[in-house]
Every structure is written in C-alpha cells, then in structure tokens.
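A.B. asks: Sharing a sequence plus its predicted fold:
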Protein chains: 2
Amino acid sequence: MAVTIYDIAREAEVSIATVSRVFNKNPNVSVKAREKVLKIAKAMGYHPQAMAQGLARKKTKLITAIVPVLSNYFFTEVLDGIQDGMIDVDYDLNIYNVRTTDDIPGQVDYLLKRGMAEGYLIISVHLPEKKWKQFRNYQLPIVLIDEYSSEFDSVSVDSIEGAYNATEYLIKSDYQRIAMITAYHEAKPAQDRILGYRRALEDNSRIVDETLIFSGDDMDRDGFTERNGYEAMLKLLKTDLLPDACFCNSDIQALGAIKAMQDANTFIPLIGFDDIRFSELLGLTTMKQPMYDMGKLAIEKLLCRLNTPGSDVSHTVFSPEMIIRSSSSIDIHQEETGM
Amino acid sequence: MAVTIYDIAREAEVSIATVSRVFNKNPNVSVKAREKVLKIAKAMGYHPQAMAQGLARKKTKLITAIVPVLSNYFFTEVLDGIQDGMIDVDYDLNIYNVRTTDDIPGQVDYLLKRGMAEGYLIISVHLPEKKWKQFRNYQLPIVLIDEYSSEFDSVSVDSIEGAYNATEYLIKSDYQRIAMITAYHEAKPAQDRILGYRRALEDNSRIVDETLIFSGDDMDRDGFTERNGYEAMLKLLKTDLLPDACFCNSDIQALGAIKAMQDANTFIPLIGFDDIRFSELLGLTTMKQPMYDMGKLAIEKLLCRLNTPGSDVSHTVFSPEMIIRSSSSIDIHQEETGM
DNA sequence: CTGAAAGCGCTTACAG
DNA sequence: CTGAAAGCGCTTACAG
C-alpha cells in the first residue's frame, strides 16, 4: 500500500541502493541522481519505514522513557530536561506509560526484550534489586531516574536527606509537635521521606509520635494528589492536641492541605517537597528537587553509554535544596489573609 | 548479540517456523514441541523482536498518541481514558511529544510517514485544513482529539458554546462588568473561548469592552498555567473600574487568579473551564470537559477503524457541562475566609 | 503437526 | 558514482 524504496527506484531509474544512499545522506551519489530521487520521492510521498530501517541497521534511533505515571509534575519537569538534552541528537524519544495496576516488572521486561529502542530511561520505577540484576543481563543501555540500583547508571535525589533537613529546620525553629503528611506507604519516595522525618526527630532527642503521621485515603497516583493532602490535613486538624508544624510529603499534597486549612480558617506552618511550579506563587517553603537537571543529566548519561558502551556505571545523587518561603513561618501568615 | 529465533530453533531442534508458531499461539504445534521451545526460550531469555515482527506482519500492533504538551491536566485525563479503552486489546500505546518550538506539521508528517504505528491519536494539535487533507492521502487510521477536521474522525468539545454559557450565566446573575482571562492568542481553545465570551455579551446587548480581556505574560504551555492566571488577575485588579465577575480561560489559570485575589485580600466571582481534579476542592465553578470520556471514545473509534477500514468519518462534539460551585457567587465568599 | 522458502523494506559491504 | 546481492529477524502460505 505505502510507497517503498522499490517504487522510487523504478521511477527514478536507479537501484534501490542509490535511493537508500540519498536518504542516508551518503555523499557518494551524483547530484543528478540525488535530485531525481528526491524529486520523485517527494512527489510520491516516500519516506523510509522505521521498522525496516531498524531491522536492517540493527539500530532504531529510538529512546524509550518508561514511566508509571504521567500526570505528575515531577515527571513532566524531568521530561523537559530529557527533551532539551536531545536537541541536535539523531534520536527520537517515545514515552511508554506502564500501568501500575498490572505487573510492573513484567511490563518493563516486555519492553526491554522486544527491542524497539536502543536505550531506555526508566523513571520512578521501584523494583527489587534482583529484578535489576536480571535486566542487567540483557546488556541494554539503561539509565535509572529517581531510583537506584548498583547495576545501572542512575540519577536520583536523596529523599531521606531532604526530609531530614526539612524536619530539622522545623525543630530548630522550635516547633514542638511536628506532624507529617505522607502518601501511599509502599511508594519508595514516601518511605524515604518518612524515614528522614523519623531520623531527624530522633537525632534531636524528640519522640516520634506515630499519631502525628497522617495520610489521606485517596491513593490515586500513590497518594501524590491534592485530594490526599486535603484529606490528610482534615484528619490532622481533628486531633486533640493540634500539631504546630507539618512536613508534607509533596507540594501537590501541600496544596490540598493548605486549602483544608483555609476552609477551617486556621493555619499551621508547612514545608513541602518538590518545588512544583505553583509553589512559588503559593509561597510554599519546600525541598526543591532539580527535576529538569535530573532529566538532562540522565539523557546525557544514556547518550554517552550509547556512544561508548562498556563504561563504568555511574550514580549521581542530588541533594534537595531548601527553598524558604512564607509557609513555614507562623508570623507572616498572621499578618496576611489567612492563606 | 541478542538471541534470535534461530538460536531457539537450533537448541530445540525444530524449525524457526515452529518457534514462530509457538510465540504466535498457533494451535498447530505439538505439546511436546511447544514445551521444549518455551523452556529453551525462557532459559535463553528469548522474545520476538518488535521490529522484525512489524516488518514481516506489516502490522506493528502499536498506536501512537501525538501530543504537543504533556504537562497539562487535560492531556493526562484524556490519556487515562485512552488507556482504559485499550485494556484487553492487543495493542501497545506509546506517546510522542511534538516539540512546540519546532515545525509541528513537519513533526507530525514525519511520524505518520515512518509508519511505526498502525494508528494515530492526535491530541490538541491545531493545523490548517490543508495539512489535514494532505495527511488524509496517507490513508492511515487517525482520530483527532480536541481538534476538528472534516478529513478524520474526531472527538472534541465545543469551546465556543462552553464559553458562551459561562458568560451568559454571569450575565443572568446580573453582573455588570464581566472580565475575561485569556491565554495565548494563537491557541485554538483560547480563540474559541474568547469568541464565546464575545458572542454571549453581544447576544445579551452588552458592549464588549476590550480592556476587560486580560492575560498574563507567561506564555509557557500557551499560557495555560497558574502563573499566567496569577499575572492576569494582578492586571485585572489594577484597573480603575473593577470588574465584578470574571470568566477564566482554564481552571489552571483560575487557580493562579484565586491566589492573586487572596494576596490582594479581595474576591471577584469566577468561572473556570476544564474541571481539573483540584477544582472541586477549590469550590471552583467551571465548564467541565469530559476529558476521560473523550479519550475513551477516541480510542474506540480508532480501534473500530483499525478493524473495519473505510467506514465513514464520524465527529463527536461534547458540550461542556456547567458545574456550579461556590466561586461564581459573591455571597458565599463574603461569609467565608476570603477565598 | 512440521519444515523449506519466499517475502516484509530497508542497509551495506563488495565489486566494478 | 553505481548496482547486485546478502542479510536484518521475523511470518506465513504452501506442500507434505
């Protein structure tokens, strides 16, 4: 149905090899032949087919980004970095969204084995080390983002440290009952952030009060939603002895938490995690993840590995940077509009 | 490097045809042969290669969703619908993000011509009808989402009608100076919503006052951002004769606009457009787009076209549904916390 | 139930 | 500069 290289060759009265050379920008083609081929190809709407090229070249010029959820600021920011890192590079990027309701390792395995792409960026997919070891055997160029395995290059952020610093900041600010809003307890970032929260309290001789750890019931997107934060804050506000500060698992949840406080006409100082775009407007103090830079670095590592296979595995761990705004301080808010 | 069908055939002492049959679930294989092949394939980690299969079958079992921006609620909701519509179907979905800074028609053309996918879902890509006509010649199964062309199946929402109804609601509520917050003037939805706003005013014998149409300066994502809404509201609040109601181009901008009003300790009734997840929590009155349903219907149309080519082009236009919450009424807000 | 063979649409040494 | 030919890893009538 579609027009092939044979059609062009016939019309242009050259061999398919010549047509192929023209499209591969091989200099060994006479100007005359080149122009004729190009003209006819244009007229017939010819373009080489990716599948056939991939098979013949054994290179697909494709990179696949594997992600569990698209609808989240973290991912879109990372993706921006990835895309900017791919400008001027002869690779296409496509995104594959694994369904979290299904068997995740199985889906990743499938993607890796069918060999559509030359390289893979795997984002926020948490798997047992055993699985990574298995994938290592495939000898594919893979870079992990927001996840660590000794088997592959990785770019991540130290969530534990970020949570630790956020909590410690609240401690040093002399808050006494520091609550935490968490998310789905099996999500890796949620686990790490709780851990950092706990450690900071312990290291500062505070008692970890489990009743001060809240979560909403909405576990869509692992609980990284406004609704979850809203629900969590509602629960928090119902406690007898109200916390006087709160470390929130993510900015998106903080957004919901703030709304809940507004509705209740109250305010508790709050620190988020991520620094999504809206946080600056909101005046939300947060632990900034360098999402864009993470994406950019990850694609650089991958391209590097594509060019020179066999180099050593490298890991980059960013430290979240504390961005202090108004939400973490009670004073500013008393002067303001209640927000 | 990777293990091929030949390796399995050799080890299993059968022909490659038999191996192929096993993986294609062809019943005409003896139990004995099937088990042997499966066992060896598993041991050697074999999986058919997508490129080779695609070439041999002339079917790729792949659907590509083409989108200009990922980072937007509209798209992620649509995608949810698409994915749910693909459960139990033997197609993979991959997402291709065209870069809006580059030549968009060129990128779409490239994707279509290289033939990676069997069918395409093109989301929120606005192109001149001439281009669509050209693409029609490729005879590919394509469904348009959030865009209309007579050449292809489409699923969209009547933005003009939505904006009209929102504006008329404010008129009927007896507001006198009804402002509008718009976005990038070349974005199709922004154009349509302004048009609906204008028509509603005219049809109700109101004068269209161009100075009441505001936009922020942040044109990232075509101005569909919190920041843009925030900036627009700041401008609005600086006008001498303050508007007493506002129709806002999108919920995400409304979010920023509300924040701006909070910061200024003032409130103007507001109607948004989209009904994103946070809107319910915010109490934002809005024109709901059935994003999930749009995605689901679109993939159904595409699958249908894949199964029975040549059927007539069909267009579905949803009407936005008005969801009335507290933000469109001044009364409720005066009793509340200033939000 | 099984295998030999042709074919999918390209690329790429190789020989000229 | 050009073409004939082999090969990429599969699928699928066809014949048995």
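C.D. replies: The structure has been received and is ready for your questions. Residues are numbered from 1 along each chain as shown, chains lettered A, B, ... in the order given.

A.B. asks: I figured A:Val69 hits A:Phe75, correct?
C.D. replies: Yes: counting by C-beta atoms under 8 Å, A:Val69 does reach A:Phe75; the two are 6.6 Å apart. C-beta coordinates here come from the backbone N, C-alpha and C atoms, glycine included.

A.B. asks: ok, the two, which is more surrounded?
C.D. replies: Per other C-beta atoms under 10 Å in any protein chain shown, whichever of A:Val69 and A:Phe75 has more neighbours is A:Phe75, with 25 against 18.

A.B. asks: what's the neighbour count on the closest residue to that one other than its chain neighbours?
C.D. replies: Among residues not flanking A:Phe75 along the chain, A:Val67 sits closest, at 5.6 Å (C-beta to C-beta, 6 or more residues apart in numbering or on different chains). A:Val67: 23 surrounding residues under other C-beta under 10 Å.

A.B. asks: Chain A: strands as residue ranges?
C.D. replies: Here chain A has its strands, by DSSP state E, at A:62-67, A:92-97, A:119-123, A:142-145, A:153-157, A:178-181, A:213-214, A:245-248, A:270-274, A:285-288, A:315-318, A:321-323.

A.B. asks: out of those, nearest to B:Gly85?
C.D. replies: strand A:92-97 (13.8 Å; C-beta to C-beta).

A.B. asks: count of residues packed around A:Thr308?
C.D. replies: Look at A:Thr308: counted by other C-beta under 10 Å, it has 8 neighbours.

A.B. asks: just for the stretch 51-200 of chain A, where's the confidence low?
C.D. replies: Along the stretch 51-200 of chain A, the model assigns pLDDT under 70 to no residue.

A.B. asks: tell me which parts of it are close to DNA strand D?
C.D. replies: Contacts of the stretch 51-200 of chain A with DNA strand D, taken as C-beta under 7 Å from any atom of the strand, map to A:52, A:55-56, A:58.

A.B. asks: go again using 6 Å as the cut-off
C.D. replies: A:55-56, A:58 (C-beta under 6 Å from any atom of the strand).

A.B. asks: so what are the domain limits for chain A?
C.D. replies: Segmentation of chain A into domains, based on automatic domain parsing, reads A:5-48, A:60-157+A:291-320, A:159-289+A:323-335.

A.B. asks: of all of the stretch 101-250 of chain A, which residue lies closest to DNA strand C?
C.D. replies: Residue of the stretch 101-250 of chain A nearest DNA strand C, by C-beta to the nearest atom of the strand: A:Glu118 (13.1 Å).

A.B. asks: Against A:Ile63, how distant is that residue?
C.D. replies: Applying C-beta to C-beta, to the nearest Å, the value for A:Glu118 to A:Ile63 is 7 Å.

A.B. asks: what sits against A:Ala41?
C.D. replies: A:8, A:19, A:22-23, A:47 (C-beta atoms under 8 Å, 6 or more residues apart in numbering or on different chains).

A.B. asks: Now for A:Val69 and A:Phe75: what residues contact both?
C.D. replies: Here A:Val69 and A:Phe75 have A:Ser124 as joint contacts, going by C-beta under 8 Å, 6+ apart.

A.B. asks: and the spatially most central residue of chain A, what does it touch?
C.D. replies: Centroid check for chain A by C-alpha atoms, centre = their mean gives A:Phe75 as the closest residue, at 3.6 Å. Taking C-beta under 8 Å, 6+ apart, we find A:Phe75 in contact with A:67, A:69, A:123-124, B:70.
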